[in-house]
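In: Predicted coordinates and the sequence they were generated for:
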Amino acid sequence: MKKFVLNLVCDDSAGIISSVTSYVTTSGGNIIESGQYVDLDDKRFFMRLCFEINDSVTLKAFQKDLEVNISYPEMVCNVYDLSIKPRVMIMVSQLGHCLNDLLYRYSIDQLPMELVSVASNHERYKSRVEHEGLEFHYLPITPDTKPEQEAELLKLIDDENIDLVILARYMQVLSDNLCQKMSGKIINIHHSFLPSFKGGRPYHQARDKGVKLIGATAHYVTADLDEGPIIEQDVKRIDHAASASDMVAIGRDTESQVLAKAVKLQLERRILLHDHRTVIFQ
Ligand SMILES: Nc1nc2c(c(=O)[nH]1)N[C@@H](CN(C=O)c1ccc(C(=O)N[C@@H](CCC(=O)O)C(=O)O)cc1)CN2
């Protein structure tokens, strides 16, 4: 047996849950987890079903049959085979705590993904990454070479058939072109409790404002810096004595944990998009 996940979004109406679950059951599926939500403001319906199904059923065949049998107004429906692990590229700049955390979680099979490579605009983590038996791509960048660097990055993403890019403190703003090409496929960790303190040096901004809570936010990357749909957040309490450097130290674990949680939710197909927001079935 293998596990499929069906994610469905459509205009709400009565009977969707019973007809979709009946369809899955009559197709040989055994539903092992289900989540539903209706947004009462815009009457949009959200559903995630995880079900076991016989190995003989191919994802392609199931999707094809579903398209014929399940149709609702303004419907977006995706089915995933959880035995097919998404191919992942991690990107990093100078700070390696999130990269290190992801490499460890991957090494103990906590993240159901195929980690293909790590790319960076610095060589600092080359030996660390290659020691893990992974490809390391050094992609130096300056304001003048950004288009060429991004073209090389996109070629790597295509050549390696990357399904998900994780920005694990990669400190370069990605172009609109790259963000559009990889829409919904790039997750970033921002070292603040968004929407506060967007952009560079958020801990210095927090220090200047004298806030008592600092945090981290994992979000999908869009062309608008630090504006993408939020996936996961967490905060830590600080006091007047905390310097920006203290906050950097306090924030490391929060950033790593928030990013790992967001990546796991993505890999388990627990995130559905609702315009610029997310619906998450945990
Ligand atoms: N299109 C997007 N690209 C990136 C996003 C995003 O939300 N949309 N998030 C960033 C990460 N990030 C904050 O989380 C961030 C990264 C970089 C900067 C920045 O101002 N970078 C400067 C260069 C800095 C340097 O060279 O050290 C720049 O790119 O000009 C702000 C926020 C990742 N990319």
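Out: Good, I have the coordinates.

In: Could you use CA atoms for every contact and neighbour count after this?
Out: Will do.

In: list the helices and strands the helix or strand hosting Val20 packs on?
Out: Following DSSP states H and E, the helix or strand that holds Val20 is helix 16-26. Counting contacts by 3 or more C-alpha pairs under 8 Å, 6 or more residues apart in numbering; DSSP states H and E, helix 16-26 packs against strand 30-39.

In: Quick one: mean pLDDT for whatever helix or strand comes next after the strand it packs on?
Out: Toward the C-terminal end, the helix or strand that comes next after strand 30-39 (DSSP H and E) is strand 44-53. Across strand 44-53, the average pLDDT comes to 98.

In: Give the next helix or strand downstream of strand 44-53.
Out: helix 59-69.

In: Tell me the strands beside the next helix or strand after that following helix, with direction?
Out: Counting by DSSP H and E, the next helix or strand C-terminal to helix 59-69 is strand 76-81. In the sheet, strand 76-81 lines up against strand 2-11 (antiparallel) (DSSP bridges).

In: tell me the mean pLDDT for the strand it pairs with?
Out: 98.

In: by how many degrees do it and strand 30-39 diverge?
Out: Using axes from the mean of the first three to the mean of the last three C-alpha atoms, to 10 degrees, the inter-axis angle of strand 2-11 relative to strand 30-39 is 20 degrees.

In: what comes up buried for strand 2-11?
Out: By 16 or more other C-alpha atoms under 10 Å, the buried positions in strand 2-11 come out as 3-11.

In: cool, stretch 123-140 as well?
Out: In terms of neighbour count (16+ other C-alpha under 10 Å), stretch 123-140 has its buried residues at 123, 125-126, 129, 135-139.

In: got the end-to-end distance for that stretch?
Out: Using C-alpha to C-alpha, to the nearest Å, the end-to-end distance of stretch 123-140 comes out at 9 Å.

In: so how far is it off the chain centroid?
Out: 22 Å (C-alpha atoms, centre = their mean, to the nearest Å).

In: Roughly how far does Tyr138 sit from the ligand?
Out: For Tyr138, the distance to the ligand (C-alpha to the nearest ligand atom, to the nearest Å) stands at 15 Å.

In: Now pLDDT and secondary structure too, for the buried residues of stretch 123-140, in JSON lines please.
Out: Shown next, in JSON lines, are these (pLDDT from 0 to 100; DSSP: H, G, I helix; E, B strand; the rest coil):
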{"residue": "Glu123", "pLDDT": "98", "secondary structure": "coil"}
{"residue": "Tyr125", "pLDDT": "98", "secondary structure": "coil"}
{"residue": "Lys126", "pLDDT": "98", "secondary structure": "helix"}
{"residue": "Val129", "pLDDT": "98", "secondary structure": "helix"}
{"residue": "Glu135", "pLDDT": "98", "secondary structure": "strand"}
{"residue": "Phe136", "pLDDT": "98", "secondary structure": "strand"}
{"residue": "His137", "pLDDT": "98", "secondary structure": "strand"}
{"residue": "Tyr138", "pLDDT": "98", "secondary structure": "strand"}
{"residue": "Leu139", "pLDDT": "98", "secondary structure": "coil"}
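
In: And those residues, which two are furthest apart?
Out: Farthest apart among those by C-alpha to C-alpha are Val129 and Leu139. That separation is 14.6 Å.

In: Send me the helix ranked longest in the chain as CSV with only the CA atoms.
Out: If you go by DSSP state H, the chain has its longest helix at helix 244-267. Taking Å, rounded to 0.1, in the frame of the first residue of the first chain, the C-alpha atoms of helix 244-267 are listed here in CSV:
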residue,chain,number,x,y,z
ALA,A,244,21.1,43.0,18.5
SER,A,245,23.8,40.4,18.8
ASP,A,246,22.0,38.8,21.7
MET,A,247,18.9,38.6,19.5
VAL,A,248,20.9,37.0,16.7
ALA,A,249,21.9,34.3,19.2
ILE,A,250,18.4,33.9,20.6
GLY,A,251,16.9,33.8,17.1
ARG,A,252,19.1,31.0,15.8
ASP,A,253,17.1,28.2,17.3
THR,A,254,13.7,29.9,16.6
GLU,A,255,14.7,30.4,12.9
SER,A,256,15.9,26.7,12.6
GLN,A,257,12.8,25.3,14.2
VAL,A,258,10.3,27.5,12.3
LEU,A,259,11.9,26.7,9.0
ALA,A,260,12.1,22.9,9.6
LYS,A,261,8.4,22.9,10.7
ALA,A,262,7.4,24.8,7.5
VAL,A,263,9.4,22.4,5.3
LYS,A,264,7.9,19.4,6.9
LEU,A,265,4.4,20.8,6.4
GLN,A,266,5.2,21.4,2.7
LEU,A,267,6.6,17.9,2.2
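
In: No further questions, thank you.
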